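Engineer: The following comprises the amino acid sequence and a computationally predicted model.
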Amino acid sequence: MNYTDGKEKFIDSWGELGLNWGITKTMGQIHALLLMSPKALNADEIMAQLEISRGNANNNIRNLVAWGLINKVDVKGDRKDYFNAVKDFWEIFRCIVDQRKKKELDPLVNLLDEISQVQGLCNESKEFCKVVQELRLFSNKADGALNNLLDSKTNWLFGTYLKMVR
């Protein structure tokens, strides 16, 4: 496989993988392009390489910046905005986990906190309360574990994994 074919395959595959993280395919493709690029790219270069519209490029770039997966950089002598990808894969993992947690787990924890106030007065409501309480405890433990992971500055998970594999 030559470089061009490999690059296209990676960009397409990373875009598809991005769907599993909760981002659009185009966001994933832009992220892949910037991951591979040895230099920062502007929106025009991204549009040309991925053959996407200006609106699509600008919207997805803005979202990638919000996720913390890419950064805006200044290029001296040029008024355009340039972007590069965070290339620390531990940081990429943390950004994705953080966004998924905000989108999925945090609303669940809030919902369970709210409905845990229901009183168990009959068999059905008692069962409801029991299930809600167990799910609330589990969700709070998961939330705590993810918060510890996100707060860690070092790659302790990867280091632990490598020690186990050796």
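Structural biologist: Arrived safely, thanks for sending. Numbers count the residues shown, from 1 in each chain.
Engineer: Pull out the buried positions in the one helix or strand L149 maps to.
Structural biologist: Element membership for L149, per DSSP states H and E: helix 123-151. Buried residues in helix 123-151, counted by 16 or more other Cβ atoms under 10 Å: 129, 132, 135-136, 139, 146. C-beta: built from backbone N, CA, C; applies to glycine.
Engineer: Kindly report the same for stretch 31-47.
Structural biologist: Neighbour-count burial for stretch 31-47 flags 31-35, 40-43, 45-47 (criterion: 16+ other Cβ under 10 Å).
Engineer: Next, work out how far apart L146 and D98 are.
Structural biologist: 8 Å (Cβ to Cβ, to the nearest Å).
Engineer: Also N60?
Structural biologist: Distance of N60 to D98, given as Cβ to Cβ: 19 Å.
Engineer: The two: who's more crowded?
Structural biologist: Higher neighbour count among N60 and D98: N60, with 24 against 16, using other Cβ atoms under 10 Å.
Engineer: wait, doesn't the more buried one sit right on M27?
Structural biologist: Yes - contact criterion Cβ atoms under 8 Å: N60 and M27 qualify, at 4.6 Å.
Engineer: helix/strand/coil for the residue most central in space within the chain?
Structural biologist: Per Cα atoms, centre = their mean, the C-alpha nearest to the average position across the chain is that of I96, at 2.2 Å. Three-state call for I96 (DSSP: H, G, I helix; E, B strand; the rest coil): helix.
Engineer: Before I go, just wanted to say thanks for your time.
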